[in-house]
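Engineer: Here's a sequence, model it:
(chains A, B and C)
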Amino acid sequence: MMNTQRGIEIVVGAFVLAGMLALLVLTLKWSDFGTSSVSGYTVSAQFDNIGGLTDRSPIKLAGVTIGRVSSIQIDPKTFEAVVTMVIGSQYNDLPKDSFASIYTAGLLGAQYIEISPGGDTQVLKNGDKITMTQSAVVLEKIISKFLFNKAAEK
Amino acid sequence: MNSFIQFEQMSFSRGRNLIFDRIDMAIPRGKITAIMGPSGTGKTTLLRLIGGQIKPKSGRVLVDGLDMGKASSQALLAMRRRLGMLFQNGALFTDLTAADNVAFPLREHTRLPPALIARIVALKLQAVGLLAAADQMPAALSGGMARRVALARALALDPELMLYDEPFTGQDPINVGVLLRLIASLNQALGLTSVLVSHDVAEVFAIADCVFVINEGRVVAKGSPDELRAQMPHVPFLRQFLEGAPDDNQSQASQQSANYLANALGLKPPSDKRSALRGTR
Amino acid sequence: MNRVLTALLNGLAALGQGVLSAAAHTGQLTLFIRQLMGRLIPAWTRPKLIVQEIYAIGVLSLVIIVISGGFVGLVLGLQGFNILSKFNATESLGVMVALSLVRELGPVVTALLFAGRAGSAVTAEIALMKTTEQLAAMEMMAVDPLRRVIAPRFWGAVIAMPLLAGLFSLVGIAGGYFIGVVVLGVDAASYWGQIQQQMQPMDDVMNGVIKSLVFGVVIGLVAVFEGFNAEPTSLGISRATTRTVVLSSLLVLGLDFILTAWMFGA
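Structural biologist: Below you'll find the model as predicted:
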């Protein structure tokens, strides 16, 4: 009798703990999930506007994910965004003059960086900088530009 | 005044039914008192009035001087610790073993060490002859055993007053004998006051010191079993009730249903056909 | 003409009866809540009783909650993937699954299952105790059944509900992960990354916890009330059990709408 009571108490303790833990896990910033698998070399690129790009956004080459955005900062002098990305070490032969553009996956999807390889024989190495970039397309800007042009034509 | 419980002009009604109509009763201390009456006269209600679970509509119920209808809940609780009640079907807690059932009031009301509680429980179970069943669950006990375990539980806190609700109903003759002896010997040995509601005439007359007979909300007779037997010829209801004779209405009804049954089965009705037809209407 | 009139009057009488019995029920409930309130705090002088009820109400509901959470997560993952792939936005699968679970499905589905699994059991248990005079016997032993039997069960429900809802959501998110990432090939880092970005821990999770707490209070209250006020017959017990499930499910869904409007609405 004493034993079952004790057993119940232990099980209830475990249950309460598990429940609390579940709630805690839900409130956690899920910071380290999924990123640990990415290892490779780091390159950076500057953009006027990164749109909705965030940490852990994918880096794609011909549509295949080859890396992740690891951090986004502001260059204090140029006021441009500096995006640091980690690219998988097996993709170590990207030409140095590759082109980085920010695209949106579909109409509503998340944004990602697409790498278009250049023709240089030198390759990107750890710490290098991609100089040729194209910023995110901001829909409002295109619309206003379009309207402005229309108005100018008349 | 040597009465433990006193009803003074007490009335109680449920909905529009007047169940008790200004009854006066004095239940003596240290004796076995039986309250009798046909089924449906509210005998169980009477016990609940004594326990203060329900309040009288008017008049008073005094238990050892305490007005149970108006007492504060504190006083009520204190009084209830001094009384034990045996419910009709035992009312054992089905999720506790027999021993835990008996230990329940002790664990709730005392801070005795577990070893001592176990000894008291063993003692009480011994008193009702069921020490061997201590670890059984109530579902595994027979009806008679369950009632005896419930009796042990009611006695756990050494009450001064024991209330028994129909203790003999639905028991085999051997169990009835056991219960009779238990009730009588407990009353003597522990100096209890016992109140027994029942409609089993033979059993009650065997042990009661004092009997009240209730019918239609009133006390129709009272006295010792011998006195009641002496009164019997003069009070028609008493004769009916004590001798188990059907009253006029009931005999007529049973006659009619017999006729109806015979008629329905295509048999020749015992009496003439007209009365059988009247019966079906 | 006459028959139409009778039918009309009958209908009117039925309506009146319904209203009156609902009013009586509400009155009883109010009275019951007032009585119970006074016992809620004193019940904590016997924490073991509450622990026992958390076991009976919470731990024993764990299996159904975890299994359901897993399946709901799988379905959400599958449906979400189908819809999101049309917009080429399957990276958002994680956040869709997580937000649906934490904000809505976790608390609500858990509450509905909880009402069916634990609420009905509590009602039946209390109603049976009443029918077999166990509660009356307790009262005659100077033990308050509201404090000894009712209050611990209420607390058990209130405590178990948010924990179960949290586990439900977590298992559901894992289920969505399994379908989305393992089976359908959504990018694992996007699955978690989007959850991290879009979900506001304090807002979304706290609101979910508040909801499940409210549902726990409602289900606990309905369950013990229906049990305590059940008619002491076998039909009465079955009716009370049914009423617990129906009433608490309706209250959960109605309150969910009100709470959602209050938390996320205008």
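Engineer: Tell me which residues of the helix or strand of chain C with the lowest mean pLDDT come out buried.
Structural biologist: Ranking every helix and strand in chain C by mean pLDDT, DSSP states H and E puts helix C:188-198 at the bottom, with a mean of 79. When neighbours are counted by 16 or more other CB atoms under 10 Å in any protein chain shown, the buried residues of helix C:188-198 are found to be C:188-197. No exception for glycine: its C-beta is placed from N, CA and C like everyone else's.
Engineer: Would the helix or strand following it count as contacting chain A?
Structural biologist: Toward the C-terminus, helix C:188-198 is succeeded by helix C:206-228 as the next helix or strand (DSSP states H and E). Yes. Contact of helix C:206-228 with chain A (CB under 8 Å from any CB of the partner chain) involves C:206, C:208-209.
Engineer: same for the next helix or strand after helix C:206-228, what does it pack against?
Structural biologist: Per DSSP H and E, helix C:206-228 leads on to helix C:234-264 as the next helix or strand towards the C-terminus. Applying 3 or more CB pairs under 8 Å, 6 or more residues apart in numbering or on different chains; DSSP states H and E, we find helix C:234-264 packed against helix C:106-114, helix C:120-131, helix C:206-228.
Engineer: In JSON lines: those helices, plus mean neighbour count and distance to residue B:219.
Structural biologist: Listed next are those as JSON lines, based on neighbours: other CB atoms under 10 Å in any protein chain shown; distance: least, CB to CB, whole Å:
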{"stretch": "helix C:106-114", "mean neighbour count": "27", "distance to residue B:219": "53"}
{"stretch": "helix C:120-131", "mean neighbour count": "22", "distance to residue B:219": "31"}
{"stretch": "helix C:206-228", "mean neighbour count": "24", "distance to residue B:219": "35"}
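Engineer: Now render those as CSV, adding mean pLDDT.
Structural biologist: Compiled in CSV, the helices and strands packed on helix C:234-264 are given as follows (pLDDT from 0 to 100):
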stretch, mean pLDDT
helix C:106-114, 95
helix C:120-131, 94
helix C:206-228, 94
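Engineer: CA atoms of stretch B:136-145 as CSV?
Structural biologist: The C-alpha trace of stretch B:136-145 is given here as CSV (Å, rounded to 0.1, in the frame of the first residue of the first chain):
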residue,chain,number,x,y,z
GLN,B,136,-9.9,-7.8,0.7
MET,B,137,-11.5,-5.1,-1.5
PRO,B,138,-15.2,-4.4,-0.8
ALA,B,139,-16.2,-5.8,-4.1
ALA,B,140,-14.8,-9.2,-3.1
LEU,B,141,-16.8,-9.3,0.2
SER,B,142,-20.3,-10.8,0.5
GLY,B,143,-23.1,-8.4,1.4
GLY,B,144,-23.1,-9.6,5.0
MET,B,145,-19.3,-9.3,5.4
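Engineer: Distance from the chain centre to that stretch, please.
Structural biologist: With CA atoms, centre = their mean, to the nearest Å as the basis, stretch B:136-145 stands 20 Å off its chain's centre.
Engineer: Likewise for stretch A:16-30?
Structural biologist: Remark: stretch A:16-30 is offset 26 Å from the chain centroid, using CA atoms, centre = their mean.
Engineer: what does stretch A:96-104 give?
Structural biologist: Using CA atoms, centre = their mean, the offset of stretch A:96-104 from its chain centre is 14 Å.
Engineer: Please tabulate the buried residues of helix C:188-198 in a markdown table and include distance to chain A as additional columns.
Structural biologist: Putting these into a markdown table (distance: CB to the nearest CB, whole Å) gives the following:
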| residue | distance to chain A |
| --- | --- |
| C:188 | 5 |
| C:189 | 3 |
| C:190 | 7 |
| C:191 | 7 |
| C:192 | 4 |
| C:193 | 4 |
| C:194 | 7 |
| C:195 | 6 |
| C:196 | 4 |
| C:197 | 6 |
